[in-house]
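A.B. asks: Dropping the sequence and predicted coords here.
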Amino acid sequence: MELDFTGAFEDRAYPILASLVCPRPIAWVTTLNEDGSVNVAPFSFFNLVGTEPPLLMFCPGDRDDGTPKDSARNARDRGEFVVNLVDEPLAEAMNRSSAALPPGESEALRENLILLPSSTIATPRIAGAPASFECTVHSIQLIGQNRLILGLIQRTHVRDDLYDPESARIRTDLYHPVGRMASPNWYCHTGDQFEMIRPA
């Protein structure tokens, strides 16, 4: 089957691509609104894209009327954001925070999320997240209705039990993020893993 996303299948690109490219990690992004309140929103068009320097991206699409979503607008206006990772205990709250709220209503307050100050930026992080990345905006690329936001990772906060100080590695046996699967409503657990040694 050949699908033409520039023609007959243009309006099916999201559900088909989002169901094929998976599992995807979830960026639970905190940003500061103009009035100083905290916006919280999840995005699964997200990934780490470099380490020298440490660089990640998330890509919020525009609203139906063509205006940028709050996270995109805030990141652009403030020049910073935090990506909080999502594990199983946070999955339900993350999912609920994707709902559109009236202006001035906070996802953080509605979900009773405890926020902690960041070390290098004004935007706070989510206390319960297994890891959080404080980011400054490197650049924003507008491609059609996509806003590709590249962030330089300034600091990473990792829950104490997940970090092994002897090996300076993450204890993956204790870290179980959730992954985004097929559109519209599917997710996955990541506890069932297998190892393959890379050839020399």
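C.D. replies: Yep, that arrived.
A.B. asks: Low-confidence ranges, this structure, go.
C.D. replies: Within the chain, the stretches falling below the threshold (pLDDT under 70) are 104.
A.B. asks: residue ranges for the helices of it, please.
C.D. replies: 13-20, 70-78, 91-96, 107-110 (DSSP state H).
A.B. asks: buried set for the first one?
C.D. replies: What it means is helix 13-20. Across helix 13-20, burial judged by 16 or more other C-beta atoms under 10 Å covers A18. (Each C-beta comes from the backbone N, C-alpha and C, glycine too.)
A.B. asks: Please apply the same query to the second one.
C.D. replies: Of the residues in helix 70-78, those buried by neighbour count under the rule 16+ other C-beta under 10 Å are 70-75, 78.
A.B. asks: what do you get for the third one?
C.D. replies: Using 16+ other C-beta under 10 Å as the test for burial, helix 91-96 gives 91, 93-94.
A.B. asks: what's across from the residue nearest to W28 when sequence neighbours are not counted in the sheet?
C.D. replies: Spatial nearest neighbour of W28, excluding adjacent residues (C-beta to C-beta, 6 or more residues apart in numbering): N84 at 4.3 Å. With DSSP bridges applied, N84 shows beta-bridge pairing to W28, S132.
A.B. asks: Contact partners for N84?
C.D. replies: Going by C-beta atoms under 8 Å, 6 or more residues apart in numbering, N84 touches 27-30, 125-126, 129, 131-133.
A.B. asks: go on, G61?
C.D. replies: G61 touches 45, 69, 145-147, counting by C-beta under 8 Å, 6+ apart.
A.B. asks: can you tell me which of these lies nearest to E105?
C.D. replies: K69 (15.1 Å; C-beta to C-beta).
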